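Colleague: Kindly return the folded structure for what I paste below:
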Amino acid sequence: MSRLGIDIGGTKVALRLERSGAAVDATPLERTFRWPAEGAVAADMAALASAVEALRDPPGDPVTAVGVALPAALDPEGRVLGWPNRPSWQGLHLRRQLAASLPDAQVRVADDGDLAALAEARAAGCRDLVHLGVGTGIGGGIVLDGVMRPGTARGSCEVGHVIVDHLTGPPCDCGRRGCVQSLSSGRAVLRRSAETLGEQVEFTRLRDAWTAHEDWAVEAVTRGASALAAAATSLAELVHPDVITIGGGFATSLPGYVEEVATRFTALRRPTGPAPQIRAAALGALSSLDGAVLLARGVGLKPPTPRPATTA
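Modeller: Residues are numbered from 1 along each chain as shown. Alright, predicted model coming up:
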């Protein structure tokens, strides 16, 4: 019997299979595949089912629990409300679809940012943590007392849509202005760089210019770091985490970025306010997959509230 973690991305999917009862140091089975180009639900589900079956060893080995990390808006039942990367998935009841193909398994689906936060909290040995993932967009989540908040029954923790400048901030793809995603994401920083230089800017050029302290790159990156620090400060005031981790491909590829955010966070915090440690994320690109495996194990979920006893 095995547990399966699935980290679903816009272009590729990573899977990890853990055998129940295997030795602690046993290497789990892993597989990665890219989605079919056409983006149709039927083709995507067929590709996913094929990858799952190829991972099972021996073939047909029972999978008893599945945890799925997904960067899409979900309802509490595991139905996709919307996902720009795979528009055809809107309305897909992903949990039910997987449960039908793996009838012996308990299937749980959660936001990839929430699961990344859960995995980072476990890696840090910390029960109260905020995670911020800076990539093409801004993701992340909150873990309090070892449990994802607000929890899968109430939707995901959309830290990318914390508003930091609703008056003059740029439009966000959610329809509002000034969300931290519209200012701090890799896409936003590259767009700001292009506006300054009057031409498209590739990430490698931005990274090299930032490392060389060229003015245009410093302005573009630090404005994003400042907005991220403002969001982190607000989140810290609300939930008082012990640690705030910063990860994601954009943040981890810019030398000194986490330190820049930490400096700006320190400048913003109240003298008597929360003072969490600001750290680089420990797990890198594996945080959501690690979180999906934890979800399969049932780790990080709020225990059900006991119902009051009834009297006859």
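Colleague: And the least confident helix or strand in the chain by mean pLDDT, what does it pack against?
Modeller: Here the helix or strand of the chain ranked lowest by mean pLDDT, DSSP states H and E is strand 73-74, holding a mean of 84. Strand 73-74 sits against strand 80-82, strand 106-111, with contacts defined as 3 or more Cβ pairs under 8 Å, 6 or more residues apart in numbering; DSSP states H and E. (Glycine included, C-beta is placed from N, CA and C.)
Colleague: Among those, which comes closest to Ser2?
Modeller: In terms of Cβ to Cβ, the element of the helices and strands packed on strand 73-74 nearest to Ser2 is strand 106-111, at 12.6 Å.
Colleague: before we move on, back to that, which of the helices and strands packed on strand 73-74 is buried the deepest?
Modeller: strand 106-111 (a mean of 23; mean count of other Cβ atoms under 10 Å).
Colleague: who does it pair up with?
Modeller: Paired with strand 106-111 in the same sheet, following DSSP bridges, are strand 63-70 (parallel).
Colleague: Name the residues that touch the partner strand?
Modeller: 1-8, 17, 20, 52, 56, 80, 83, 94-95, 98, 102, 104-112, 115-116, 288-289, 291-298 (Cβ atoms under 8 Å, 6 or more residues apart in numbering).
Colleague: Buried ones among the residues you listed?
Modeller: 2-8, 17, 52, 56, 80, 83, 94-95, 98, 102, 105, 107-112, 115-116, 288-289, 291-297 (16 or more other Cβ atoms under 10 Å).
Colleague: By mean pLDDT, show me the worst of the helices and strands packed on strand 73-74.
Modeller: Lowest mean pLDDT of the helices and strands packed on strand 73-74: strand 80-82, a mean of 89.
Colleague: Provide a complete list of residue ranges assigned to helices in this structure.
Modeller: Using DSSP state H, the helices of the chain run over 41-55, 94-101, 112-124, 180-184, 186-197, 203-211, 215-239, 249-252, 257-268, 287-297.
Colleague: Now mean pLDDT and distance to Leu74 too, for the ones you listed, in CSV please.
Modeller: Below are the helices of the chain laid out as CSV (pLDDT from 0 to 100; distance: least, Cβ to Cβ, whole Å):
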stretch, mean pLDDT, distance to Leu74
helix 41-55, 93, 15
helix 94-101, 90, 8
helix 112-124, 95, 10
helix 180-184, 96, 18
helix 186-197, 96, 23
helix 203-211, 97, 29
helix 215-239, 97, 21
helix 249-252, 92, 23
helix 257-268, 97, 28
helix 287-297, 94, 13
